[in-house]
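*Asks:* Below is the sequence, then the predicted model.
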Protein chains: 2
Amino acid sequence: MKSEFLINWHSQLRKGLLPLFVLMVLQEKENYGYELIQNLQTRFAIDVAEGTLYPLLIRLQKEGLLTSTWVEQVSGIPRKYYVITPVGQQTLHEMRAYMDSLKSINQNEQ
Amino acid sequence: MKSEFLINWHSQLRKGLLPLFVLMVLQEKENYGYELIQNLQTRFAIDVAEGTLYPLLIRLQKEGLLTSTWVEQVSGIPRKYYVITPVGQQTLHEMRAYMDSLKSINQNEQ
DNA sequence: TAGAATACTTTGTATAACTATGTATTTTTA
DNA sequence: TAAAAATACATAGTTATACAAAGTATTCTA
């Protein structure tokens, strides 16, 4: 059974990883929120609550990393599709560079 | 120049990484706070303010991952040395396992 | 027709980094 | 030798963000 500390650590780690993962998914293809939650699960084995993701998407959009458009469905509820912007791509690039630098640091371990 | 967003992202990412890095350093050798700040800088290229590290150390101790003892110096100010506990080592192990799982996920990228 | 699934939003709470400040001692330097 | 810098630890207030919970609305399914 996972300790209280580890559960909390995971939650804290997500504060950094989640924006990265979201940008990574959207880099490949535009997504609407509900779809993104499922892609994050299959792609990164990470369960994201709607109350976590939607505020994040709004924040990323406010920062200029994403744009969004409502798309009416022939059948079903309208979906808000999120697309990564050039600023978002540049930011993703720098995030990746930082993550890679961490990896190389961790290499000189037993 | 780094964007506001990236600066903030780094800060959020640290909330997850810092406990991991601290445990990694202490896994190798006991450290006192001030020394630890320097080791985190040389080892992980990460600048940690005292106001960040000391509360973290107190928290980790409260969680049972560390113990600490004051050591009087022949010359100089007494130092509080932090030592990783078995619980801390187990926790570190699980943190590493999780970090490794992230790495393998990130591998299937262009 | 009730319930599940889809789809987005908002409110309140908890966690933890960060800034700033404070205390105290020792070493360096001008 | 006095001032400044470095060493060493601690705490209060602010801010960002995950998360739980609840809400709104539509569509599909049994």
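*Replies:* Now that the structure is in, tell me what you want to look at.

*Asks:* who does the strand or helix carrying A:W70 touch, helix- and strand-wise?
*Replies:* Element membership for A:W70, per DSSP states H and E: strand A:66-71. Applying 3 or more C-beta pairs under 8 Å, 6 or more residues apart in numbering or on different chains; DSSP states H and E, we find strand A:66-71 packed against helix A:50-62, strand A:79-84. In short, each C-beta sits where N, CA and C put it, glycine included.

*Asks:* Go through these and pick out the most buried.
*Replies:* strand A:79-84 (a mean of 19; mean count of other C-beta atoms under 10 Å in any protein chain shown).

*Asks:* just checking, what packs against that one?
*Replies:* Contacts defined by 3+ C-beta pairs under 8 Å, 6+ apart place strand A:79-84 against helix A:4-28, strand A:31-32, helix A:33-44, helix A:50-62, strand A:66-71.

*Asks:* Tell me the strands beside the second one, with direction?
*Replies:* Which is strand A:31-32. When pairing is defined by DSSP bridges, strand A:31-32 lines up against strand A:79-84 (antiparallel).

*Asks:* close to DNA strand D, is the partner strand?
*Replies:* No. Strand A:79-84 stays clear of DNA strand D (C-beta under 7 Å from any atom of the strand), getting no nearer than 11.1 Å.

*Asks:* outside of that strand, which residues touch it?
*Replies:* Strand A:79-84 has contacts (C-beta atoms under 8 Å, 6 or more residues apart in numbering or on different chains) with A:23, A:26-27, A:30-36, A:57, A:60-61, A:65-71, A:73, A:92.

*Asks:* Buried ones among the residues you listed?
*Replies:* A:23, A:26, A:30-33, A:36, A:57, A:60-61, A:65-66, A:68, A:92 (16 or more other C-beta atoms under 10 Å in any protein chain shown).

*Asks:* Export those residues to a markdown table and append columns for pLDDT and distance to DNA strand D.
*Replies:* Listed next are those as a markdown table, based on pLDDT from 0 to 100; distance: C-beta to the nearest atom of the strand, whole Å:
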| residue | pLDDT | distance to DNA strand D |
| --- | --- | --- |
| A:L23 | 96 | 12 |
| A:L26 | 96 | 15 |
| A:E30 | 95 | 20 |
| A:N31 | 96 | 17 |
| A:Y32 | 94 | 13 |
| A:G33 | 92 | 11 |
| A:L36 | 95 | 13 |
| A:L57 | 95 | 10 |
| A:L60 | 94 | 9 |
| A:Q61 | 94 | 13 |
| A:L65 | 95 | 11 |
| A:L66 | 95 | 14 |
| A:S68 | 93 | 16 |
| A:L92 | 95 | 15 |
